[in-house]
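**Student:** I would like to see how this sequence folds:
(chains A and B)
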Protein chains: 2
Amino acid sequence: MRAPRVILLCGGVGGAKLALGLDRLLPSGDLAIIVNTGDDFDHLGLRICPDLDTVLYTLAGVVHTEQGWGRADETFSMLSELARQGGPDWFRLGDRDLALHLQRSSRWYRGDRLTEITADFAKQFDVRSTILPMTDEVVATRLETVEGVLDFQDYFVRRRCEPVVQAIHYDGAQLASVSAELLQALASPRLERIVIAPSNPLLSIAPILSIPGVADGLRKVSVPIVAVAPLIGGRAIKGPTAKLMQELGLRQGVVGVYEFYAARYAGLIDALLIDQADDHEATALGCVVASTDTLMQTMDDRLRVAQRVLELSV
Amino acid sequence: MRAPRVILLCGGVGGAKLALGLDRLLPSGDLAIIVNTGDDFDHLGLRICPDLDTVLYTLAGVVHTEQGWGRADETFSMLSELARQGGPDWFRLGDRDLALHLQRSSRWYRGDRLTEITADFAKQFDVRSTILPMTDEVVATRLETVEGVLDFQDYFVRRRCEPVVQAIHYDGAQLASVSAELLQALASPRLERIVIAPSNPLLSIAPILSIPGVADGLRKVSVPIVAVAPLIGGRAIKGPTAKLMQELGLRQGVVGVYEFYAARYAGLIDALLIDQADDHEATALGCVVASTDTLMQTMDDRLRVAQRVLELSV
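**Tutor:** This is a model prediction of the structure:
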């Protein structure tokens, strides 16, 4: 692993867009991405890591671009046969995608560390950046809802984020630990900036920060920590960020995002990059604020946001 | 499980042809098939049971007919992606086929019995006959060759049966036991005949007979046991039967087949159905002998051989 100049904390689809921008902007090896594994789960005997795969596929240029996750040019023969047999087809496993799940699962269940497996995948896919799972241990995001406690995929895929959430737990996090590789990245003498992707703060970033040592480790590093707000005009591009924030009593919009980070992880965030549509909220934020067009539809958008987050003076 | 009238001992491709003939000839539920699991192995974290799958797919009418195993209308997206990633692609896993492997593996590794899993698959595929693994425990056929000891799939798929074999072991067989369902089938009050399919005696039938209690259980049943010779004019239709018999010092042709069963399992075989091309060898055999055209190319062939083996007077 090369000592990184930039570390990105990242979830799935939204975060992966910024990951790609940074990956393409920076020299090879300068970026390390710490990825949420709270969504990981066991399904059909496979160990599935949705956010790691989304980041890997995105950086490798094989992601289904419109969808933002899964493989381009995918086929679904296995899934249609599984459905015909009456098997569990609610999670859309593509045939190409299965190659990765099978390779990971066969190693995971015999005890290989997720960090090592992920590093080997990054090599196989010629990825320039370092992809680091937030931990090698099992952490499971669970949602306490008005309908009872739901596993993440139950909530997210099966129930389409509909049940009202009362609390979120990162089961296993308190007993989990960071990997040697993650500590090594944080200790990089070349480190210049830590970025928090515009991922869901509650479902993608908080799980990472819930691993003992991560929030403290980040605070101790003497480089600026810049978060990119995942809301534009109070709304998420994709996913339940705004809905969840409301259900959990957070303030709406970027003020709510800032307050979430500031209240829960005091002293962590040095600056927030917001969308220019939210400029009017800037004065209400207790940190350095910059704005740009944060909607990342094209590769140019991804590069622009990446550039802005790296240049932002703190 | 219905009490069977006929029990078939069976391996993969060759045996499955007779299994299909019997399945279509007999009323639903009258046939129970005891299938070799000595070829079963772990691959990519999956538990793979080649002979069980071949029998299931054949009886379900979804088998790749020319090939004799695997699925018709198969796609190979996973395998081509696996190859691209540098994964182990020597075993040809099709996408549709994977649905079954995933369903089985997720249950197998959490401790479900293979007999139960197989029964559920038979239901899912609307199979009329009962398919019984020879045991629920792990038995692994291994070949002592001039190049060292090889696992079955190493020998069969990777090395294409080329290394000269000096001995065959059914590892785990002595500690394995028959299932309650298999005992129940053997105790069927409706039982009229036991058939040994034209499968490889050494690689497909001997593993079944190596499970403690099976050979004795068969001998104790007071119905005729009829074997169908797997050689025509001294040659196997497919696979290494003749080559293996020669390497292990057995006599060639149907005489060698008979002597193998008679020497190793005295009193087991009551009759042998041979091909009419081998009629001249009939007098050298120490049991009832009948002959027909045993080459099973068409459905009519399968039905004819099935009919002949059931009608053969012992």
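**Student:** The stretch 101-250 of chain A against chain B: which residues are in contact?
**Tutor:** Within the stretch 101-250 of chain A, the positions lying close to chain B (CB under 8 Å from any CB of the partner chain) are A:102-103, A:105-106, A:109, A:121, A:124-125. The C-beta positions use only the backbone N, C-alpha and C, and glycine is treated the same way.
**Student:** Please pick the buried ones from those residues.
**Tutor:** Those of these that meet the buried threshold are A:102-103, A:105-106, A:121, A:124-125, by 16 or more other CB atoms under 10 Å in any protein chain shown.
**Student:** Tell me the predicted confidence for residue A:141.
**Tutor:** As predicted, residue A:141 sits at a pLDDT of 98.
**Student:** Next, it: secondary structure please.
**Tutor:** With DSSP: H, G, I helix; E, B strand; the rest coil as the basis, residue A:141 sits in strand.
**Student:** That one and residue A:204 touch, don't they?
**Tutor:** No: the pair residue A:141 / residue A:204 is not scored as a contact, 9.0 Å apart, by CB atoms under 8 Å.
**Student:** Identify the contacts common to the two.
**Tutor:** residue A:38 (CB atoms under 8 Å, 6 or more residues apart in numbering or on different chains).
**Student:** can you list the residues that contact the worst-scoring helix or strand of chain A on mean pLDDT?
**Tutor:** Using mean pLDDT, DSSP states H and E, strand A:235-236 stands out as the lowest-scoring helix or strand of chain A, at a mean of 90. With contacts defined as CB under 8 Å, 6+ apart, strand A:235-236 is touched by A:14, A:200, A:230, A:242.
**Student:** Let me see the ranges of the helices in chain A.
**Tutor:** A:13-25, A:50-60, A:77-84, A:95-108, A:114-124, A:152-153, A:180-186, A:206-209, A:214-220, A:241-247, A:253-264, A:299-311 (DSSP state H).
**Student:** could you dump those to TSV with mean pLDDT?
**Tutor:** Formatted as TSV, the helices of chain A follow (pLDDT from 0 to 100):
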stretch	mean pLDDT
helix A:13-25	97
helix A:50-60	98
helix A:77-84	98
helix A:95-108	98
helix A:114-124	98
helix A:152-153	94
helix A:180-186	97
helix A:206-209	98
helix A:214-220	95
helix A:241-247	95
helix A:253-264	94
helix A:299-311	97
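**Student:** Just the buried positions in stretch A:159-168, please.
**Tutor:** Buried residues in stretch A:159-168 (16+ other CB under 10 Å): A:161, A:163, A:165, A:168.
**Student:** same check, this time on stretch A:107-117
**Tutor:** Buried, per 16+ other CB under 10 Å, within stretch A:107-117: A:107-108, A:113-115, A:117.
**Student:** Return the residues in contact with residue A:172.
**Tutor:** Contacts of residue A:172 (CB under 8 Å, 6+ apart): A:137-140.
**Student:** ok, residue A:23 touching residue A:126?
**Tutor:** No: counting by CB under 8 Å, residue A:23 stays clear of residue A:126, with 11.6 Å between them.
**Student:** circling back: restricted to strands, list the buried residues of stretch A:159-168.
**Tutor:** The strands, defined by DSSP state E, take in A:165, A:168 from the buried residues of stretch A:159-168.
**Student:** And stretch A:206-225, how far out from the chain middle?
**Tutor:** 15 Å (CA atoms, centre = their mean, to the nearest Å).
**Student:** actually stretch A:69-87, not the one I typed
**Tutor:** 25 Å.
**Student:** Residues touching it, excluding its own?
**Tutor:** By CB under 8 Å, 6+ apart, stretch A:69-87 touches A:12-13, A:44, A:50, A:53-54, A:57, A:62-65, A:88-89, A:92-98, B:71, B:74-75, B:77-78, B:81, B:94-96, B:98-100, B:102-103, B:121, B:124-125.
**Student:** Now restrict the residues you listed to buried residues only.
**Tutor:** Applying 16+ other CB under 10 Å to the contacts of stretch A:69-87 flags A:12-13, A:44, A:50, A:53-54, A:57, A:62-64, A:89, A:93-98, B:71, B:74-75, B:77-78, B:81, B:94-96, B:98-100, B:102-103, B:121, B:124-125 as buried.
**Student:** ok so, going back, and the residues of the stretch 101-250 of chain A next to chain B, which is closest to chain B?
**Tutor:** residue A:106 (3.3 Å; CB to the nearest CB).
**Student:** what about the closest residue to chain B within the stretch 201-314 of chain A, neighbour count?
**Tutor:** As assessed by CB to the nearest CB, chain B sits closest to residue A:299 within the stretch 201-314 of chain A, at 23.8 Å. Other residues near residue A:299 number 12, with proximity taken as other CB atoms under 10 Å in any protein chain shown.
**Student:** That one and residue A:21: what is the separation?
**Tutor:** Distance of residue A:299 to residue A:21, given as CB to CB, to the nearest Å: 8 Å.
**Student:** Equivalent analysis for residue A:54, please.
**Tutor:** For residue A:54 relative to residue A:21 (CB to CB), the value is 15 Å.
**Student:** same check, this time on residue A:225
**Tutor:** From residue A:225 to residue A:21 the distance is 18 Å (CB to CB).
**Student:** Tell me the buried residues in stretch A:250-264?
**Tutor:** So for stretch A:250-264, counting by 16+ other CB under 10 Å, buried means A:250, A:253-262.
**Student:** no wait, stretch A:149-162
**Tutor:** For stretch A:149-162, by 16+ other CB under 10 Å, it's A:150-157, A:161.
**Student:** Repeat that for stretch A:199-212.
**Tutor:** Here stretch A:199-212 shows A:199-211 as buried, counting by 16+ other CB under 10 Å.
**Student:** JSON lines please, covering those residues and showing distance to residue A:293.
**Tutor:** As requested, these are exported to JSON lines (distance: CB to CB, whole Å):
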{"residue": "A:199", "distance to residue A:293": "18"}
{"residue": "A:200", "distance to residue A:293": "20"}
{"residue": "A:201", "distance to residue A:293": "21"}
{"residue": "A:202", "distance to residue A:293": "25"}
{"residue": "A:203", "distance to residue A:293": "25"}
{"residue": "A:204", "distance to residue A:293": "22"}
{"residue": "A:205", "distance to residue A:293": "22"}
{"residue": "A:206", "distance to residue A:293": "26"}
{"residue": "A:207", "distance to residue A:293": "28"}
{"residue": "A:208", "distance to residue A:293": "26"}
{"residue": "A:209", "distance to residue A:293": "27"}
{"residue": "A:210", "distance to residue A:293": "31"}
{"residue": "A:211", "distance to residue A:293": "33"}
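**Student:** Brilliant, that's me finished.
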